[in-house]
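Student: Build me a model from this:
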Amino acid sequence: MNKESDPASSIQGTDAVFLQLIQEMREQRQSFREEQQQLAKERRSARRWNIGLKLAMIAVPLLFGGFFLAQTSGVTLGPFRDVIGIIEIKGEMAEGKLASAEKVVPALARAFESPRVKHIVLAIDSPGGAPVEAERIGNAIAIYKKRYPKPVTAVIGSIGASAAYMTAMQADRIVAGKYSLVGSIGAILAPWQLDKAIAQLQVSQRVYASGKLKAFLNPFTPVTSEADAKAHELVEGIGQAFVRELEGRRGSHLKTDVDYGTGEVWSGPDALRLGLVDELGTVESVSDGNAGRNGYHFGPSEGGFAYLRGYLAEMILATSNLSHSFRLR
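Tutor: Sure thing, here's the model as predicted:
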């Protein structure tokens, strides 16, 4: 005969099942809560990454753009340690050009005024240009040297000729490379003469001038003997002034039996032998001789899009092999 179940045992079994169910519900709820917390954490992390990425997309171009504009517009960020201040004089020395006094003098001012600059280097790579540009740069160097006594060294790269060499003479020391071209001491005046060309077209120009030499450089009128003599007088006078300045600044280094006013150029070693430069070297050797200080470029540099345009043009010329600079082949 089957015995009836004990009511107490039945109740205890039901309680155990109920307690187990409650425990499972608690565990599920805890697991759900943890999943929710993990999901919220991942969402916050993703949101932070998203915000950080957006900020980076804004900040990085701004930083690079600011640095680019600073480097190409003459604003200097530093230097923050003792350096050699490098001023670049490259290309034609003429109004509006990168090697003009308008561009070079502000760069000189920044370099001289910086307490971190212990030595000024004029990095010259120019065939020359207008003597008045060299005069202005030279006067600026003299003025700033009185205010901020610092040694100035001119380093001639591929070429330092004519007005560029005139600028180099303002330095305390001139350095040139073994393959540099130095000199071209003198003056040149080379106007076009087009009167015969337009005469073939049966065209002429009438010129009314207050003096007989007022229009002596007009290319559309025939050259007179007086105009020719005046042109020679001008270039001879400027050329002789150049030679006198050379003798005044480097007289103790020059040879007595050499005519420096022929307008010719010399190699670096010949320029050293003739006393036009003080030693052979480069910007790197000058830096190494100054306690290994790094060079800090103060410009001048082309600004903004002009800089970018010039850089791209150089890249195109290089890849097209159209560069005609002086090189050994």
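Student: A161 is in contact with L181, correct?
Tutor: Yes. Between L181 and A161 there is a contact under CB atoms under 8 Å: 6.3 Å. Placement of C-beta: from N, CA and C, glycine included.
Student: Now do the residue lying closest to T262 once chain neighbours are set aside against H232, distance only.
Tutor: Of all residues not flanking T262 in the chain, G186 sits nearest, at 7.3 Å (CB to CB, 6 or more residues apart in numbering). Separation of G186 from H232 (CB to CB, to the nearest Å): 13 Å.
Student: neighbour count winner among those two?
Tutor: Neighbour count, other CB atoms under 10 Å: between G186 and H232, G186 has more, with 18 against 11.
Student: For the stretch 101-250 of the chain, just list every one of the helices.
Tutor: For the stretch 101-250 of the chain, the helices defined by DSSP state H, counting those that start in this stretch occupy 101-113, 131-147, 163-168, 195-200, 225-250.
Student: For A46, which three-state class applies?
Tutor: helix (DSSP: H, G, I helix; E, B strand; the rest coil).
Student: for S301, same thing?
Tutor: S301 ends up coil, using three-state DSSP.
Student: just to revisit the earlier point, which of the helices of the stretch 101-250 of the chain has the lowest mean pLDDT?
Tutor: Between the helices of the stretch 101-250 of the chain, the lowest average pLDDT goes to helix 195-200, which shows a mean of 85.
Student: which parts of that one are buried?
Tutor: D195 (16 or more other CB atoms under 10 Å).
Student: distance between it and the chain's centre?
Tutor: For helix 195-200, the gap between its own C-alpha mean and the chain's C-alpha mean amounts to 45 Å (CA atoms, centre = their mean, to the nearest Å).
Student: by contact count, what packs against that helix?
Tutor: Other helices and strands packing on helix 195-200, by 3 or more CB pairs under 8 Å, 6 or more residues apart in numbering; DSSP states H and E, are absent; none qualifies.
Student: helices and strands around the strand or helix carrying E34, which ones?
Tutor: E34 is part of helix 7-72 when elements are defined by DSSP states H and E. For helix 7-72, the elements it packs on are helix 304-320, judged by 3+ CB pairs under 8 Å, 6+ apart.
Student: average pLDDT across the helix it packs on?
Tutor: Helix 304-320 shows an average pLDDT of 53 in the prediction.
Student: Please tell me I have it right and V243 contacts Y260.
Tutor: Yes. V243 is within contact range of Y260, at 5.9 Å (criterion: CB under 8 Å).
Student: out of those two, which sits in the busier spot?
Tutor: Counting neighbours by other CB under 10 Å for V243 and for Y260 shows that Y260 has the greater number, 20 against 15.
Student: Let me know the next secondary structure element after the helix holding E34.
Tutor: Following helix 7-72 toward the C-terminus (DSSP H and E): strand 83-90.
Student: chain center to that following strand: distance?
Tutor: Worked out by CA atoms, centre = their mean, strand 83-90 lies 9 Å from the chain centre.
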